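just coords:
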């Protein structure tokens, strides 16, 4: 492993890789990405691949709209087909209160030109005919949202970066970080590394890593599980979401159903293991919404995690008290879908350029100043 670098990035997930990609586009290539395990072994390869702009804060909508446009071009830039399909997001309401929430969200999103439509039962089943209309009273839909397949995007980033001289060091655990007059000295399982600047993009472990710099980052990992079914003939264009329980499901590029559902908090548990209770919850929910799916076989399930911040919005800032160190975390389940914009912001911070968006709403200081706007549409 190289012993020196201009920039070290801790974490090879989509945040770290998209930041490295934006840095390379600016001419910075002396970058080392450090990963404690396999490439992108955390949340970036354990998520459902949903991409949406239907949020309830200006901050998230701004990042999501910009990112969706980047996803449309990234496949060509990376020469990687990650099956980005803009089949839309369909939110279902099962109560009048939920429908009112969706109407309010659609009105807010209209200010950003999203074109979200509020639908009655008939319009909902025009989009997904197999749904049982007795289970809901309406919904909302935006065509421009969609899904992609995470693995080829991440591997496409990695191949592109390696071809341009970026070092991606897997199975390289960062054990300690020390601030020096020349930057940051990182003690790793593969030897020391001295970097002039540092980005902590370690997902659910960002707070733990940042604590080595004396920082208190208010985010933590929460387990979420996902399942995949046997392949089916194409029938489901949008991602379908229910507000009641954070259920979501879409159809992947090979015909498989991919989805998850919110689970009750049950104390400490492995973030990557899954269990029978989840399989039961998902099976019951899928069949209740679409009875004809009762004979479909669930092939596999797995665990992952959300890195949750107090307001379910990202933390993008300098690490307090450590000049030259930055942190990007707290995405609360929507980090993948805003990753191109986040990578652009963090790259600008690292090289001292003005970001395309004001970083002010994403700073740590918002938790002390009362400037918190909680994201209302967190799924799963």
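Thanks, I have it. If you're wondering where the values come from, they're calculated on a predicted model, not measured in any experiment. Residues are numbered from 1 along each chain as shown.

Domain-wise, how is the protein divided?
4-49+151-219+310-369, 85-144+220-308 (automatic domain parsing).

quick one, strands of the stretch 201-350 of the chain?
Taking DSSP state E, counting those that start in this stretch, the strands of the stretch 201-350 of the chain run over residues 220-231, 239-242, 248-251, 256-260, 298-308, 315-318, 325-329.

If I take the fourth one and strand 298-308, what angle do their directions form?
Going by axes from the mean of the first three to the mean of the last three CA atoms, to 10 degrees, strand 256-260 is angled at 40 degrees with respect to strand 298-308.

that older thread, looking at the strands of the stretch 201-350 of the chain, which is nearest to residue 111?
Closest to residue 111 of the strands of the stretch 201-350 of the chain is strand 239-242 (CB to CB; 21.6 Å). Heads up, the C-betas are built off the backbone N, CA and C, glycines and all.

by contact count, what packs against that closest one?
strand 89-93, strand 248-251, helix 276-289 (3 or more CB pairs under 8 Å, 6 or more residues apart in numbering; DSSP states H and E).

What strands line up against the second one, and which way round?
Spelled out, that is strand 248-251. Applying DSSP bridges, strand 248-251 is found paired with strand 239-242 (antiparallel), strand 256-260 (antiparallel).

for those strands, which one ends up most surrounded?
strand 239-242 (a mean of 25; mean count of other CB atoms under 10 Å).

Please enumerate residues in contact with it?
With contact meaning CB atoms under 8 Å, 6 or more residues apart in numbering, strand 239-242 is reached by 48, 50, 52, 87-92, 94, 128, 131, 136, 145-147, 247-250, 285, 289, 379.

State the phi and psi torsions of residue 110.
Dihedral pair for residue 110: phi -60, psi -30, per degrees, to the nearest 10.

Run a quick neighbour tally on it.
11 (other CB atoms under 10 Å).

Then residue 84?
A count of neighbours around residue 84, defined by other CB under 10 Å, yields 17.

got the residue ranges for the helices in the stretch 1-150 of the chain?
Under the criterion DSSP state H, counting those that start in this stretch, helices of the stretch 1-150 of the chain are mapped to 14-25, 58-78, 96-110, 121-127, 150-163.

just so I know, which of the ones you listed lies nearest residue 368?
Residue 368 lies closest, by CB to CB, to one member of those: helix 58-78, at 17.4 Å.

contacts for the closest one?
For helix 58-78, using CB under 8 Å, 6+ apart, the contacting residues are 51-53, 55, 80-82, 84, 86, 109, 112, 114, 144-145, 148, 153, 156-157, 159-160, 313-314, 334, 337-342, 344, 356-357, 361-362, 373, 375.

switch the cut-off to 7 Å
Under the contact criterion CB atoms under 7 Å, 6 or more residues apart in numbering, helix 58-78 has outside partners 51-53, 55, 81-82, 84, 109, 112, 144, 148, 156-157, 160, 313, 334, 337-342, 357, 361-362, 375.

ditto for stretch 99-106
54, 56, 91, 93, 116, 118, 137-140, 243, 376-377.

before we move on, back to that, just put the helices and strands packed on strand 239-242 in TSV and tack on distance to residue 187 and mean neighbour count.
Shown next, in TSV, are these (distance: least, CB to CB, whole Å; neighbours: other CB atoms under 10 Å):
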stretch	distance to residue 187	mean neighbour count
strand 89-93	44	26
strand 248-251	40	23
helix 276-289	38	16
